[in-house]
Every structure is written in C-alpha cells, then in structure tokens.
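Engineer: how would this look folded up:
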Amino acid sequence: MLSQTVVSVSVGGLLLLCIPLNGWAGSIDSNDTTDLLLGGVGVLLGHELGHLVLSQTKDIEFDGVAIVYSQSVLTPQEKLRVASAGFQVQWLLSELAFKQLQKPSTGRSRDFAAGAILGHLAITAAYLTFLKDDAYGDVTAMAEATGHSRNKIVKFLAVPAVLDAWRLWGDPPPWVPHVSRGAKGWGIAWAWNW
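Structural biologist: Below you'll find the model as predicted:
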C-alpha cells in the first residue's frame, strides 16, 4: 500500500507538471504534455530508486514503499546517505536534463528534459513545504543523522532548486549554472564524507 506522503508528492508533482510552461519548445500540445509528464515522473522514480538501491545494501525496513529509518540499525553516516540518496539522484538527472536543453535540437527530447527539471523542482518544493516536518521524510532523517535542524537542511536544498528554476525560466548570468552544480556536488560529497 502506498503511503499518504508518496501519494501526495506524486499527485502534487504531476499537477505542477501540467501547468502550461513550455517556453523552451514553442506552443504546448498533447505530445508536449506527455513528454513533460514522463520527464517529471522519471525524476520522481529516480528519486525513489536512489533510496531503494542504496537501502538494499543496508538492513532497512520498508512500510510499503516508504523507508522506515527508525526501525533500521544505521549509523548516522549511513542514515544520511540513504536519506539524501533521492536528492543525489535527482540532482544528477537534472544536470543531464539541462545538458539536453542546451543542445540545439527541438521537440520531444527537450520537453522530456524540461519535464525532468520541473519534476526536480516539484519534489524539492514539496520537501521545502509540506514534507519538511514529515516524521518519516528525507528531511527529518537528514536532520536526525546530522544534528542540524530541518530548517537548515531545507535551506541548503533550496539553493540548487532556486538556481535551477532561474536556469529553466530566466536568462541567468553565466555563474548561475556553475554555482548550482557546485551546490549539488558539495551536497553529494558532504553526504558521502560526513
């Protein structure tokens, strides 16, 4: 059975992806919407698979599709790695999507890439708002593992998301992609070296 949190994120993210924001590829039609949704769902699946793959290397309990950190015997380092694995994967996928958007091609691959970036932004927005205080959520697990507050964790998660929104919808200065990639790289390195 799917947990209420996973259903909320999935439905909320999919609704966000239906907003007709398609400035990267011209007018929106049914193919564009399908590709946007596929890109967004792909990043959501990538996020969850990141947790699943890493958790398979540890003795971690599951409640449906949700990881139950409190019933697992993990060191703080292991807990941080598993809890942040979804963000690590979505950050890597978002950078691959931005690379695709930089190519001169148009059409479906660009819409799929834009959908992937929108999915990354929707997932992050969910964790910055209504999932921030979820007792079984990624932010809570990262906060418990590190001793940092949930507010501090979400502030860091917001940095690459805000910069990526600027990259997608605006005309940012050349330093913005570098800072976004640097923040993502620092976050991944921190999770593995903390």
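
Engineer: low-confidence ranges, the protein, go.
Structural biologist: 1-31, 61-72, 106 (pLDDT under 70).

Engineer: isn't Ile153 up against Val139?
Structural biologist: Yes - using Cβ atoms under 8 Å, Ile153 and Val139 qualify as a contacting pair, with a distance of 5.2 Å. The way it works is simple: take the backbone N, C-alpha and C, and place the C-beta from them, glycine included.

Engineer: sec struct for Phe130, please.
Structural biologist: coil (DSSP: H, G, I helix; E, B strand; the rest coil).

Engineer: do you know how far it is from Trp169?
Structural biologist: 23 Å (Cβ to Cβ, to the nearest Å).

Engineer: please apply the same query to Leu118.
Structural biologist: To Trp169, Leu118 is 10 Å away according to Cβ to Cβ.

Engineer: how about the helices in this structure?
Structural biologist: 4-17, 30-55, 76-102, 108-128, 138-146, 150-169, 175-193 (DSSP state H).

Engineer: make CSV from these and add mean neighbour count to it.
Structural biologist: Listed next are those as CSV, based on neighbours: other Cβ atoms under 10 Å:
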stretch, mean neighbour count
helix 4-17, 16
helix 30-55, 19
helix 76-102, 21
helix 108-128, 24
helix 138-146, 21
helix 150-169, 18
helix 175-193, 15
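
Engineer: show me the contacts for Ala143.
Structural biologist: Ser149, Arg150, Lys152, Ile153 (Cβ atoms under 8 Å, 6 or more residues apart in numbering).

Engineer: so what's Glu144 closest to, chain neighbours aside?
Structural biologist: Lys79 (6.9 Å; Cβ to Cβ, 6 or more residues apart in numbering).

Engineer: from what I can see the one you found touches Ala145, true?
Structural biologist: Yes - counting by Cβ under 8 Å, Ala145 is a contact partner of Lys79 at 4.0 Å.
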